[in-house]
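> Have a look; sequence and predicted model below, questions after that.
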Amino acid sequence: MTDATSPESSSGPTFPSHPLRDAVLGEIHARPFRPLDTPRVLLHYAFCLDGEAIVEDRSWFAEMCRSHGVAGPEPAARYHTLGFAGGTLSWERHTEFTTYTWDGPAEKSQVFAPLTGNHPFGRAFRAPGPMLVAMRLDLVTKADLPDDWEGHFDPASLVASRVEAGAGLVASDFRADGHGMTRFLLVDETMTPGQAGTVAQRLLEVETYRTLALLGLFEANRLQPEVASIEGDLAVITQNLQGVTEMQANRSVLDKLSRLSAKLEAGAAASAYRFGASRAYYEIVNARLDALHEEPVIGRLGLAAFLRRRLAPAMRTCQSVEDRQANLSRKLARATTMLRTRVDVDLEDQNRNLLESMNRRARLQLRLQQTVEGLSVAAVSYYVIGLVSYVAKAAKKSGLPIPSPELTTGLAVPVVVLFIWWTVRRIRAHHDEDEGA
């Protein structure tokens, strides 16, 4: 029995681990909420990337980390941080984009002023791909908040909400400023550093994913004229389908339907990922907005109400185009099936007429064959009887006891004819047996 104080009992049993166990356990901690002290400024960028650019971006960031004396991300890593200019630079790799986020110290005078200090997004920074998100978040105390802070936002789209049970205030107009940055203001009234970091992270994700979700709207707008054109062509084809009776016309209409189906499926396949990604991003935005637990500010629209009022119609447009594609695909399939059935029926009619024609030809050929057989019996019999006549005459002259060559020839006629007829019948019967086998 193992002693309770033995190394085995203290460390626990050792079992074979699943190859992904460490990755699964580490995934929940891959993107932690970092506590943020006030005041603070956050710069956040998202770049759209493809497969090759993702590898190049990781290599560049790894080299940047080594230049600062620290190790870079592993080849399979999706998250990595680097200390930079008194703050933290975070690198995150996603499916179709990569984000760079830097949080650093800020002064009271920098709340609405351009950053002049040292930050990583200067001339030395290498953009890995097309920039989609550029966001600046200023975390300030209530005492450092300027009285005219609302004047720095567009009053037509300014939204404001209290978060963390009234411990903080969030404001933004979701518009790009003169430097191309979407500005957010987070006022720390009684928040802890952990609360400030959590709220800031959720705001970064809201801005990132709401922007990515809207990419589906432009894909839907691009496809709408094409879908409408296919719907119109299908309506015309089905309306004129009743008057099409000729075989060649049916085939022509079937070719048109096939081309419409191919065009529709190509567009649906190209947009399927975009629409699916937009739905997923929209769900993430809703989840982050719900997690903020907003409380309305009197006289102002909240973040959730503002975003959902604009995002929900865009998502419904994407869903509408996707539904139209699916319905149109089913209609095209039904029309194609119906027309293909008509073409098959026409082909069967043609095949039946062809078989009847072949049967008529076969009967005529059989009659002709029977006629030829009769003539061939007469012809062969004629030549055989001629041979018998020559043989009889030769035998008579040679002294054989033959009464008369003419009588012999006459008596041989029925015998030869019957023998030739019987022989032809046997030959034809033998051929019929071979064909049957």
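Yes, it's here. Residues are numbered from 1 along each chain as shown.

> Export stretch 368-379 to PDB, keeping only CA atoms.
Taking C-alpha atoms only, stretch 368-379 is exported to PDB below (Å, rounded to 0.1, in the frame of the first residue of the first chain):
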ATOM      1  CA  LEU A 368     -36.400  -8.900 -98.300                       C
ATOM      2  CA  GLN A 369     -34.200 -11.600 -96.700                       C
ATOM      3  CA  GLN A 370     -36.900 -14.200 -97.200                       C
ATOM      4  CA  THR A 371     -37.300 -13.200-100.800                       C
ATOM      5  CA  VAL A 372     -33.600 -13.400-101.400                       C
ATOM      6  CA  GLU A 373     -33.600 -16.800 -99.700                       C
ATOM      7  CA  GLY A 374     -36.300 -18.000-102.200                       C
ATOM      8  CA  LEU A 375     -34.400 -16.700-105.100                       C
ATOM      9  CA  SER A 376     -31.100 -18.100-103.900                       C
ATOM     10  CA  VAL A 377     -32.700 -21.600-103.500                       C
ATOM     11  CA  ALA A 378     -33.900 -21.400-107.200                       C
ATOM     12  CA  ALA A 379     -30.600 -20.100-108.400                       C
END
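
> Can you give me the buried ones in that stretch?
Across stretch 368-379, burial judged by 16 or more other CB atoms under 10 Å covers V377. (C-beta placed from N, C-alpha, C; glycine too.)

> contacting residues around it?
Contact with stretch 368-379 is made by V417, I420, W421, V424, R428, as judged by CB atoms under 8 Å, 6 or more residues apart in numbering.

> and what of stretch 101-108?
Applying CB under 8 Å, 6+ apart, the contact partners of stretch 101-108 are 34, 36, 39-45, 84-90, 92, 117, 119-121, 138-140, 144, 200, 204.

> if we can go back for a sec, just the contacts of stretch 368-379 now: which is nearest R310?
R428 (90.0 Å; CB to CB).

> separation between that closest one and G168?
Separation of R428 from G168 (CB to CB, to the nearest Å): 107 Å.

> what do you get for G178?
Separation of G178 from G168 (CB to CB): 26 Å.

> One more: E63?
Distance of E63 to G168, computed by CB to CB: 38 Å.

> who's more crowded, these two?
Using other CB atoms under 10 Å, the more surrounded residue of E63 and G168 is G168, with 23 against 11.

> Which residue ranges of the chain form helices?
Here the chain has its helices, by DSSP state H, at 7-11, 21-27, 51-67, 193-213, 215-240, 247-292, 303-397, 405-436.

> hey, which of those is tucked in deepest?
Comparing those by mean neighbour count (mean count of other CB atoms under 10 Å), helix 193-213 comes out on top with a mean of 22.

> Using PDB, list the CA coordinates for that one.
The C-alpha coordinates for helix 193-213 follow below in PDB (Å, rounded to 0.1, in the frame of the first residue of the first chain):
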ATOM      1  CA  PRO A 193      -7.900  49.200 -12.100                       C
ATOM      2  CA  GLY A 194      -9.400  45.800 -12.800                       C
ATOM      3  CA  GLN A 195     -12.700  47.300 -13.700                       C
ATOM      4  CA  ALA A 196     -11.100  49.900 -15.900                       C
ATOM      5  CA  GLY A 197      -9.100  47.300 -17.700                       C
ATOM      6  CA  THR A 198     -12.200  45.100 -18.200                       C
ATOM      7  CA  VAL A 199     -14.300  48.000 -19.600                       C
ATOM      8  CA  ALA A 200     -11.500  49.200 -21.800                       C
ATOM      9  CA  GLN A 201     -11.000  45.700 -23.300                       C
ATOM     10  CA  ARG A 202     -14.700  45.400 -24.000                       C
ATOM     11  CA  LEU A 203     -14.900  48.800 -25.700                       C
ATOM     12  CA  LEU A 204     -12.000  47.800 -27.900                       C
ATOM     13  CA  GLU A 205     -13.800  44.600 -28.900                       C
ATOM     14  CA  VAL A 206     -17.000  46.400 -29.600                       C
ATOM     15  CA  GLU A 207     -15.400  48.800 -32.000                       C
ATOM     16  CA  THR A 208     -13.400  46.100 -33.700                       C
ATOM     17  CA  TYR A 209     -16.200  43.600 -34.200                       C
ATOM     18  CA  ARG A 210     -18.900  46.100 -35.000                       C
ATOM     19  CA  THR A 211     -16.600  47.300 -37.900                       C
ATOM     20  CA  LEU A 212     -16.000  43.800 -39.100                       C
ATOM     21  CA  ALA A 213     -19.700  42.900 -38.900                       C
END
